[in-house]
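Student: Pasting a predicted model and its sequence here:
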Amino acid sequence: MEVAAPPATIRILDASERERIETFFLEELDDVALYWRFFRTMTPLTVRAYVTQMRFGDGCVVFGAFDGERLIGVAELSAIPNSEACAENCPAASACAELGVAVSNQLRHKGLGRALLDYLLRHGWTHGLTRIQLSTLRDNGPMLALAKRLGFEEVRQEPDEIVMHILRPADWPVPIPLRPRTAMAIPPDRPIACTAIVTNIRCK
Ligand SMILES: CC(C)(COP(=O)(O)OP(=O)(O)OC[C@H]1O[C@@H](n2cnc3c(N)ncnc32)[C@H](O)[C@@H]1OP(=O)(O)O)[C@@H](O)C(=O)NCCC(=O)NCCS
């Protein structure tokens with residue numbers, strides 16, 4: 001029997017909503033879900049530290065799914081500084097971002113993850129991104145299945161992680177540019193590979 005999707009509304013969150021995001025991570029996710037989301041064991045203190053450093057703007061966008069006033073899903077999109085020069089972008093893309101997503105333990109398998117990521121992808125493409133990547137632990141079957149259904153393809157494997165990406169559809173309408181403010185000048189002859197985890201963005 002088909003399970004009905006929750007009556008969720010999705011919108012962009014702002015910095016004034018850190019407390020409800022912290023509550024979401026601590027009360028809606030169990031330890032395994034937190035581990036899958038952050039790639040390490042989380043405690044209330046590390047969750048608070050993470051939420052405190054979250055950025056809202058400057059290339060970072062946080063999306064929330066709500067059932068009434070209850071936050072039931074959070075997805076984050078973080079533009080990767082200097083990704084124009086990233087070797088993995090060439091030749092198809094010029095600006096990339098990394099995503100992270102989590103849905104309330106009680107509301108899995110109802111299409112909420114897909115709805116959040118559909119919203120996030122549309123936002124990214126509309127705001128000038130040409131490539132969006134994600135990293136997931138190898139044993140995170142639900143994320144791998146969801147990513148594949150959305151059209152993500154594997155880019156590379158690391159010891160514990162799989163990095164996947166999706167490119168903006170070729171027929172997407174002309175976008176509004178989205179640039180991270182923190183971009184630094186990179187000498188054009190220096191090849192770089194793009195590696196980013198939403199908790200710790202870096203280009204190396
Ligand atoms: C990964 C994650 C976000 C997926 O969220 P979700 O809301 O369960 O995802 P969806 O419902 O869109 O899709 C998941 C499944 O539900 C199924 N589904 C979707 N709509 C459905 C419906 N109406 N009825 C029944 N099943 C449905 C999908 O087909 C899919 O099936 P499968 O995974 O069993 O093959 C969630 O598992 C999660 O929060 N995990 C912890 C954090 C994490 O791992 N983050 C990823 C690293 S960044």
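Tutor: Sure, I can see it.
Student: Output the contacting helices and strands for the longest strand belonging to the chain.
Tutor: Ranked by residue count under DSSP state E, the longest strand found in the chain is strand 70-79. Using 3 or more C-beta pairs under 8 Å, 6 or more residues apart in numbering; DSSP states H and E, the elements in contact with strand 70-79 are helix 18-28, strand 60-67, strand 96-103, helix 112-126. Quick note: C-beta positions are derived from backbone N, CA and C, even for glycine.
Student: can you give me how far the second one is from the chain middle?
Tutor: In this case it means strand 60-67. 11 Å (C-alpha atoms, centre = their mean, to the nearest Å).
Student: Counting neighbours, which bits of that strand end up buried?
Tutor: Buried residues in strand 60-67, counted by 16 or more other C-beta atoms under 10 Å: Cys60, Val61, Val62, Phe63, Gly64, Ala65, Phe66.
Student: count of neighbours near the spatially closest residue to the fifth one that is not a sequence neighbour?
Tutor: Setting aside the residues directly before and after it, Gly64 is nearest to Leu13 in space (C-beta to C-beta, 6 or more residues apart in numbering), at 4.5 Å. As a burial measure, Leu13 scores 21 neighbours (other C-beta atoms under 10 Å).
Student: now swap in Glu76 and tell me
Tutor: Residues lying near Glu76 (other C-beta under 10 Å) number 23.
Student: Check Val47 too.
Tutor: With other C-beta under 10 Å as criterion, Val47 counts 20.
Student: Equivalent analysis for Leu107, please.
Tutor: 19.
Student: Is it correct that it is in contact with Gly73?
Tutor: Yes - in this structure, Leu107 is within contact of Gly73 by C-beta atoms under 8 Å, at 7.5 Å.
Student: Mutual contacts of those two, please.
Tutor: Shared contacts of Leu107 and Gly73, defined by C-beta atoms under 8 Å, 6 or more residues apart in numbering, are absent.
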